[in-house]
Structures are given as structure tokens and as C-alpha cells.
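Q: can you look at this prediction? I've put the sequence above it.
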Amino acid sequence: EVQLVESGGGLVQSGGSLRLSCAASGFTFSRADMTWVRQAPGKGLEWVSRINSGSGTPYYADSVKGRFTISRDSAKTTTYLEMNSLKPEDTAVYYCAKVGWSGVYYDYWGQGTQVTVSS
């Protein structure tokens, strides 16, 4: 059974930092691209970042580029999202997801972790 469990969310002041973790199990983690997606209150899903399997090449949405860093630890089968210089507009539920073998769709999602940035 595939499981993705996020942790690390919380309340932080503007300009602060948080590190989110996504612990994965039930699939070959080293072969899967992983991604982070967020949903702000009353808004739709917004893609945040993605990291490729193998090369570990990261990709970022323009809104977080230069502030967020995605990484992965294959030994721990965990994906991380280091978030610095947080802004109130970063407030959202953050989900990690496994990218399906097509490379386009996300086939498994975590339950999400709340990040709240106060001004």
C-alpha cells in the first residue's frame, strides 16, 4: 500500500522558515519523481516544486523560486521542502504527491500539512 505522510507544518511569522517532510512507503521511492502542491484557503491547487528521480533535478514555481528548496533522501524514502523567507501568501495546505509513471499525473497524495504565515 502506497503511503505518503507529510509533517512539519505550523504557524510561523513572515520571514520565517519551515521544513516540510514527506515520508513515503509502498513503492520504489528511488524511481519516482516527487512533487509538492499547495492549496490556499478558497483557492485551487497550485504546483510548488518537483524533484526528479535519479538526477534529483529540482523544479520550482516562480512564486517560490529562490525561497524554497526541494530535496530527497532515498535512504529515508523522504522528500523535503525547505521554505525560507515565508510570506503570508504562502499560507496553504501543502501536499506531497508521487508522480505517476507517465510523468504527468500524480497518482498518490498525502493528507496534507497546514502552513500558516502571519504578517
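A: Arrived safely, thanks for sending. Residues are numbered from 1 along each chain as shown.
Q: in contact with residue 118: list those residues for me.
A: Residues in contact with residue 118, defined by Cβ atoms under 8 Å, 6 or more residues apart in numbering, are 11, 12, 13, 14, 88. Heads up, the C-betas are built off the backbone N, CA and C, glycines and all.
Q: one more time with 7 Å, if that's ok
A: 11, 13, 14 (Cβ atoms under 7 Å, 6 or more residues apart in numbering).
Q: beta partners for the first one?
A: According to DSSP bridges, the partner residues bridging residue 11 are residue 116.
Q: my guess is it contacts residue 113, does it?
A: No - in this structure residue 11 lies outside contact range of residue 113 using Cβ atoms under 7 Å: 12.0 Å.
Q: what about those two, which has more around it?
A: Higher neighbour count among residue 11 and residue 113: residue 113, with 22 against 12, using other Cβ atoms under 10 Å.
Q: and the gap between the closest residue in space to that one that isn't next to it in sequence and residue 93?
A: Spatial nearest neighbour of residue 113, chain neighbours left out: residue 9 (3.4 Å); criterion: Cβ to Cβ, 6 or more residues apart in numbering. Look at residue 9 and residue 93: by Cβ to Cβ, to the nearest Å, they are 8 Å apart.
Q: now do the shared contacts for the two.
A: 113, 114.
Q: which ones are touching the most centrally placed residue in the chain?
A: The centroid of the chain falls nearest to residue 36 when counting by Cα atoms, centre = their mean (2.9 Å). With contact set as Cβ under 7 Å, 6+ apart, residue 36 has these partners: 48, 49, 70, 81, 94, 96.
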